[in-house]
Each structure stands twice: as structure tokens, then as C-alpha cells.
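J.: Build me a structure from this.
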Amino acid sequence: MKNTFFKLVTLVMMIAITASCTSKYPGFKKSDSGLYYKVYKVGKDTVKPKVRDWISMEYKLVVKSKGKDSTFIDSRKSQQGALRMQLPPSDYKGDIYEGMRMLAAGDSGEFIVNADSLFKKTFRQTIRPKYIDTNSVAKFSIHMITIDSPQALQKKEKETLDKFIADNKITIAPQPSGLYYIEQVEGKGIKIDSGCQVIYNVKISMVSGKQVFGQDSMKFVYGKRPDMTGFLEGIKLMKKGGKARLILPSQLAFGEHGYREIPPYTSIIYDVQVVDVKSKAEYGKVEAAEKKKQEDKKANAKKSESSLLKKYLKDNKITAKPTASGLYYIEKVKGTGPQIHAGSKVSVQYTGTLLNGKKFDSSRDRGGKPFDLEVGKGNVIKGWDEGLLHMSKGGKAILIVPSSIAYGEQEMGSIPAYSTLVFDIEVVDVK
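T.: So this is what the prediction gives:
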């Protein structure tokens with residue numbers, strides 16, 4: 001008996017030593033798929049998440065950068081806080097989703113995955129971020145907070161909605177779709193139908209009472225934009241001056257995915273007031289007038305671009321001659337590094353202004369991080385692709401780019417149609 005006991009102890013020790021020697025990461029176990037993990041049982045719950053279950057968790061992701069551990073993200077220190085997500089199928093064997101499926105609510109765990117696979121296959125990035133070491137690993141620390149199946153969430157939604165209906169003594173039967181339409185003020189005028197422009201005030205809340213959105217004088221053309229089916233069904237029952245409360249079960253609202261702060265399988269309430277309704281014919285006239293106004297505006301801009309450019313050149317005493325395309329290239333500092341050619345990968349600092357001096361963009365306002373591009377690939381305006389071919393590393397120049405080789409008749413944010421643009425450019429690197 002004694003010899004048997006010692007043999008058993010020896011066997012257990014040998015197994016333990018062998019396991020510790022074969023593990024690449026001491027203290028971590030390895031799953032059959034190749035995932036390295038540690039699981040700390042904290043919660044009393046034993047139910048683990050399945051694919052399509054909704055989970056909420058706190059997590060920290062640590063990566064290797066220049067051989068040292070660097071925190072990539074820590075949910076406890078981010079504004080978003082705990083992550084809520086629907087658990088997808090694994091992207092590959094031994095991925096982080098397998099690790100999540102090991103944790104019940106209240107459990108914590110640590111998981112080691114290949115960094116390249118994580119960023120390319122799980123995060124769907126074309127390349128691993130440059131500052132993360134090649135062939136390194138990433139470590140996830142996860143604390144699982146909640147696990148909810150779609151069926152449980154649907155059941156909870158029904159119970160919550162039924163309670164809201166009872167507590168508010170709502171006796172109106174729902175529409176066949178499930179929408180509750182509660183008219184508060186009867187409107188007058190034409191019926192809302194396809195092509196009508198509707199102007200309305202709205203407040204959107206969850207049945208818990210929390211307001212998630214509110215705005216007055218919103219406009220849309222019925223039938224011309226996608227929207228929640230419950231809202232479209234409800235507002236079609238209204239007329240000008242009318243007020244109504246629309247109670248939308250999740251299948252008529254944001255469904256199984258939710259939206260921003262609205263969780264999945266959540267009933268919501270629209271409090272709507274229809275301010276005005278224009279018929280399809282009336283709105284057609286308004287639309288035509290607005291279109292003509294924009295066309296006249298563009299025509300005037302196109303007509304005045306040349307004179308505004310001449311004035312700018314004169315006021316700034318610019319004597320440089322334009323290239324065949326109309327580009328003005330004004331060298332400030334001659335570069336001493338490699339010359340830029342088509343296909344060169346360059347990093348530049350730039351500031352863009354209109355002829356009136358108004359700044360519309362600047363890499364220098366974004367933490368000083370240079371803008372990277374490959375020259376001649378059409379990823380930037382034609383004026384840039386042409387202008388950069390005159391430059392070398394370390395060079396500085398002003399590019400005056402007429403709209404014909406910039407954005408033309410398009411309005412781009414704060415850049416009006418037919419705008420000549422001025423860029424102050426410095427070439428930081430050329431590869």
C-alpha cells in the first residue's frame with residue numbers, strides 16, 4: 001500500500017513537471033485548439049455564453065511594442081466603459097471568442113492569442129499596427145459581467161412592455177404589427193403618403209423613461225428614406241397639427257442589435273408632433289426651387305473663381321506661372337532627400353485654406369501626426385499628385401490648386417463648390 005502511494009505521488013509530480021515544461025507560458029493551460037488560458041472562478045453562475053448570446057464584460061488588451069508590454073485598450077479607463085456585444089462564431093481556432101465562451105457571469109480569465117491573427121482576422125484590419133511587434137502575442141484580461149440569451153432578452157422585453165402598458169392603464173389594442181398608436185391631438189389636412197414632406201418634433205424614450213433623443217423641426221420625405229417600420233407606420237396615421245405616442249416593440253424598432261445606448265430587444269416610445277405636411281406636388285415645387293438656387297450658386301462660384309484667383313495672386317505678389325493643369329507650385333524650402341516619384345510612399349504635414357484664408361483642414365491640428373499617401377494612385381486630389389512630384393524629402397512648398405484639379409463642382413464639408421485651394425506642405429519622409 002505504501003509503495004503504491006509513493007508511486008502515485010511520483011506519477012502526479014512527473015505529469016505536473018512535464019506539463020509545466022511543455023507550456024510556452026507558465027501558469028497557462030492550452031486548449032485543444034491552441035488557445036492559452038487561465039480562468040478564475042469567481043461567480044456562482046455556471047452557465048457559459050453560446051454563439052449569439054449577448055454578453056457584457058470589462059477587458060484589457062496588452063500587446064508587445066518594442067519588446068515591452070503596452071496597454072492597447074482598457075475598458076475600465078475608457079469613456080464607453082464595459083463592452084456589450086453579441087458573441088459571434090470563432091474566426092479561427094484558438095481565437096479570443098473561444099476564451100469568452102469559457103467564462104460564466106462573474107468569472108475572470110486571461111488569454112494569449114497571436115497578435116497578427118487578432119488584428120487581421122478578429123479586428124478585420126488589413127495589416128497589424130506598425131508599432132506592435134511582428135510575430136508577437138496579445139494578452140486579454142476579461143471579467144465577464146452578464147450573459148443573456150436572445151430568448152431571455154425577448155422574454156424580458158415582453159414582461160417589461162406588458163408592465164408598462166398595465167401601469168399606464170393603456171387600453172388601446174395594438175395594431176396587427178404590434179405597434180401601439182395612441183392619438184393625443186387629432187390633426188387636420190392631407191393624409192401623409194409617399195412623396196409628402198413631413199416636418200415634425202420628436203422625443204424618443206425607452207419604456208424605462210430614459211430619453212435617448214429629442215429634436216424639433218425634423219424633416220423627411222415619406223417613402224424616400226429607410227426608417228424604423230414602427231415609426232413609418234405610426235406617422236402615416238397622423239396629419240398636420242396632430243400629436244401621438246407610438247410604442248414600438250423591438251421588432252419594429254432596433255431589433256436584436258439595439259442602437260448605441262439602446263440595448264437589444266428594447267421597446268421604445270416615440271412622442272411625435274406633426275408640424276407641417278407638404279403634398280408631393282407642393283414639395284416638388286420647393287425641391288425644384290432649392291435645386292435651382294443651388295445650381296445658381298454653383299454657376300456664380302464657377303464664374304467668379306478665376307477673378308478671385310487673380311486677386312489672390314496679385315495681393316500675395318505671386319509671380320509663379322501655372323503648369324498646364326493650372327497648378328501653381330511655389331517652393332519655399334528645397335528638399336535635400338530622395339525625390340518623389342509616382343509610386344513613392346510619402347509622409348507630409350499640411351494645412352489647407354480657401355483663398356479668403358479660412359482653414360478647412362490641417363494635419364498639424366491632429367496631434368502633429370503626418371498624413372501618409374502613395375503618390376500617383378488617385379487617393380488624393382489631382383493637384384496633390386502633381387504638386388508632390390516637384391518635391392523631395394525635407395522640402396516645403398505652397399500649392400495653389402484650382403477646382404478643376406481639386407473638388408470641382410462638389411461641395412466637400414466647409415469647401416464650397418468651385419473653390420481654389422491653397423496648401424502649405426512639408427514633406428517629412430519619402431520611401
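J.: Helices along the chain, start to end?
T.: For the chain, applying DSSP state H gives helices covering 2-22, 96-100, 115-117, 150-167, 229-235, 280-315, 382-388.
J.: Can you point out the buried residues in stretch 364-380?
T.: Neighbour-count burial for stretch 364-380, with 16 or more other Cβ atoms under 10 Å as criterion, is recorded at 370-371, 373, 375-376, 380. C-betas here are computed from N, CA, C, even on glycine.
J.: Inside strands: which ones of those residues?
T.: Within those, residues falling in strands by DSSP state E are 371, 373.
J.: Export the buried residues of stretch 364-380 to TSV and append columns for distance to Ile182 and pLDDT.
T.: Shown next, in TSV, are the buried residues of stretch 364-380 (distance: Cβ to Cβ, whole Å; pLDDT from 0 to 100):
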residue	distance to Ile182	pLDDT
Pro370	57	93
Phe371	53	94
Leu373	55	93
Val375	61	95
Gly376	61	93
Val380	54	95
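J.: Which two of the buried residues of stretch 364-380 have the greatest separation?
T.: Pro370 and Gly376 (18.4 Å; Cβ to Cβ).
J.: quick one: contacts for the residue positioned nearest the centre of the chain?
T.: The centroid of the chain falls nearest to Arg260 when counting by Cα atoms, centre = their mean (10.9 Å). Shown in contact with Arg260 (Cβ atoms under 8 Å, 6 or more residues apart in numbering): Val212.
J.: Does Ser136 touch Val63 like I think?
T.: Yes: with contact defined as Cβ atoms under 8 Å, Ser136 and Val63 form a contacting pair (6.9 Å).
J.: Just want to know which of the two has more residues nearby.
T.: Ranked by neighbour count (other Cβ atoms under 10 Å), Ser136 and Val63 place Val63 first, with 22 against 14.
J.: Report pLDDT for the more buried one.
T.: On pLDDT, Val63 comes in at 92.
J.: ok, it - contacts?
T.: 69-70, 72, 115, 132-133, 136, 138-139.
J.: do the same with Ser205
T.: So Ser205 contacts 211-212, 268-269, 271 (Cβ under 8 Å, 6+ apart).
J.: separation between it and Phe220?
T.: 20 Å (Cβ to Cβ, to the nearest Å).
J.: just Ile415 next, same as before
T.: Ile415 is 27 Å from Phe220, by Cβ to Cβ.
J.: my guess is Asp69 contacts Ile132, does it?
T.: No: using Cβ under 8 Å as the test, Asp69 is too far from Ile132 to be in contact (11.4 Å).
J.: neighbour-wise, which of those two wins?
T.: Taking neighbours as other Cβ under 10 Å, Asp69 and Ile132 compare with Ile132 leading, 18 against 9.
J.: thought that one was touching Ala115?
T.: Yes: Ile132 lies in contact with Ala115 (Cβ under 8 Å); the separation is 5.6 Å.
J.: So for these two, which residues contact both of them?
T.: By Cβ under 8 Å, 6+ apart, the residues touching both Ile132 and Ala115 are 63-64, 138.
J.: and the nearest residue to Ala105 once chain neighbours are set aside, how many residues sit next to it?
T.: Nearest residue to Ala105, sequence neighbours excluded (Cβ to Cβ, 6 or more residues apart in numbering): Asp45, at 4.5 Å. Applying other Cβ under 10 Å, we find 14 other residues in the vicinity of Asp45.
J.: what's the answer for Glu233, then?
T.: So Glu233, with other Cβ under 10 Å, has 18 neighbours.
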